[in-house]
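[1] Structure for this input, please:
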Amino acid sequence: MASKRDFYDILGISKNASAEEVKKAYRKMAIKYHPDKNPDDHTAEEKFKEAAEAYEVLSSPEKKQRYDQFGHAGVGGASGGGGGFGGGMSMDDIFSQFGDVFGGGGGGSPFDSFFGGGGGGRSRTVAGSNIRIKLSLSLEDIRNGVEKKIKYKKLVSAPGLKTQTCATCQGRGSIRKVSNTFLGQMATTSTCPTCGGTGSTVSHRPPGSNPDGLIQTDHEVSLKIPAGVSEGMQLSMQGQGNSAPGGQGVNGDLIILISEKSHDDFVRDGKNVLYNLNISFTDAALGSSVEIPTLDGKVKIKIEPGTQPGKVLRLKGKGFTDLNGYGTGDQLIYLGVFVPEKISAEERKTLEGLANSENFKAREIKTDKTFFDRLRSFFE
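    This next block holds a predicted model:
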């Protein structure tokens, strides 16, 4: 599968472009590659849809922020379904969605004023509604990536559903009205109120189906989750949502909202994973080799003699992969020293014997950085 082009490159703008500059760039591209201006030109049609997909993301502050942070993966490109706005929608869907860019509205193509179209000559492809579900992932799944089978309910066309050409618009999907004004005759085009722009209506609705001739069924899909996703991220599977009313159109999408499960041992901090390790006073003073868990399994780490409470150790590459390929985080280990709450008489006698030793008296530890400075440096 060919990789998606950068949305900024598609519209020929910089990442700092204003909302008005984004709109102007899209308008210019859409007029250039409009199918009425480039009949039977498949390449121009694809560029038209490509520009629409780029504008759909960059014109939304929320989607633009996710795209700038995560690339195509942050706006559905990681779904594996080729999910993008332009790829699965008709020209009229794009016109309807972005009519404000061209001054359009009312159901007709907003390009009619540019190319002399009479409007209303073709039906509008209607999409089914999207389905949104939450998917909880463990930190291990997020660390390594995982394939999940997702079960959900969706609306599909009922067996035996029949449709017929809309009597109101004669299958065109829109109606055209001509009115006399002091400037002369003026024609307006609007979406057909009877069929909603599809050009057809339900003639036979099977028992048990809803007014649109749809029934709810169980469905299952397999989704590959890329390593490095995070809480709140949305993945999109194009065409896996509900069927269009009357079965006349394209399916909606399945939107998966990522949720992170809490972990007994670890806390996630961006690309890094944090782990708290308590060691004994003797291990801190004498040094030791300790086995600890990681998201990949257990490993042994070395505790140097004289290790102070609050020291932070780093395991390189044991964190999370960056979705855009900017490296992998680390596992940061915060060391604490365990102090027993109860001790035996013999243990007390031993400790009291050490209490007066000069080497066991508390003193200031000379260092270039405070503990808080050292800890802060790991997260900068």
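
[2] helices and strands around the helix with the most length in the chain, which ones?
    Using DSSP state H, we find that the single longest helix of the chain is helix 42-58. Judged by 3 or more Cβ pairs under 8 Å, 6 or more residues apart in numbering; DSSP states H and E, helix 42-58 is in contact with helix 7-11, helix 19-33, helix 61-70, helix 91-97. Just so you know, the C-beta spots here come from the backbone N, C-alpha and C atoms, and that holds for glycine as well.

[3] Within the helices and strands, which one has Pro170?
    I think there's a mix-up here, since residue 170 is Gln and not Pro. Using DSSP states H and E, Gln170 maps to neither a helix nor a strand.

[4] how many neighbours does the residue lying closest to Asn324 once chain neighbours are set aside have?
    Leaving aside its sequence neighbours, Asn324 sits nearest to Gly71 (Cβ to Cβ, 6 or more residues apart in numbering; 5.0 Å). Other residues within reach of Gly71, judged by other Cβ atoms under 10 Å, total 17.

[5] Convert the C-alpha atoms of stretch 277-296 to PDB, please.
    Presented in PDB, the C-alpha positions along stretch 277-296 are these (Å, rounded to 0.1, in the frame of the first residue of the first chain):
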ATOM      1  CA  LEU A 277      11.800  -0.200  43.500                       C
ATOM      2  CA  ASN A 278      12.300  -0.400  47.200                       C
ATOM      3  CA  ILE A 279      15.700  -2.000  48.300                       C
ATOM      4  CA  SER A 280      16.900  -3.000  51.700                       C
ATOM      5  CA  PHE A 281      19.400  -0.900  53.700                       C
ATOM      6  CA  THR A 282      22.000  -3.600  53.300                       C
ATOM      7  CA  ASP A 283      21.500  -3.800  49.500                       C
ATOM      8  CA  ALA A 284      21.900   0.000  49.300                       C
ATOM      9  CA  ALA A 285      25.000   0.000  51.500                       C
ATOM     10  CA  LEU A 286      26.700  -3.200  50.200                       C
ATOM     11  CA  GLY A 287      25.400  -3.300  46.600                       C
ATOM     12  CA  SER A 288      23.400  -6.100  45.100                       C
ATOM     13  CA  SER A 289      21.900  -7.600  41.900                       C
ATOM     14  CA  VAL A 290      18.100  -7.300  41.800                       C
ATOM     15  CA  GLU A 291      15.600  -8.800  39.400                       C
ATOM     16  CA  ILE A 292      12.900  -6.400  38.300                       C
ATOM     17  CA  PRO A 293      10.000  -6.600  35.800                       C
ATOM     18  CA  THR A 294       9.800  -4.700  32.500                       C
ATOM     19  CA  LEU A 295       7.100  -4.700  29.900                       C
ATOM     20  CA  ASP A 296       9.200  -7.200  28.000                       C
END
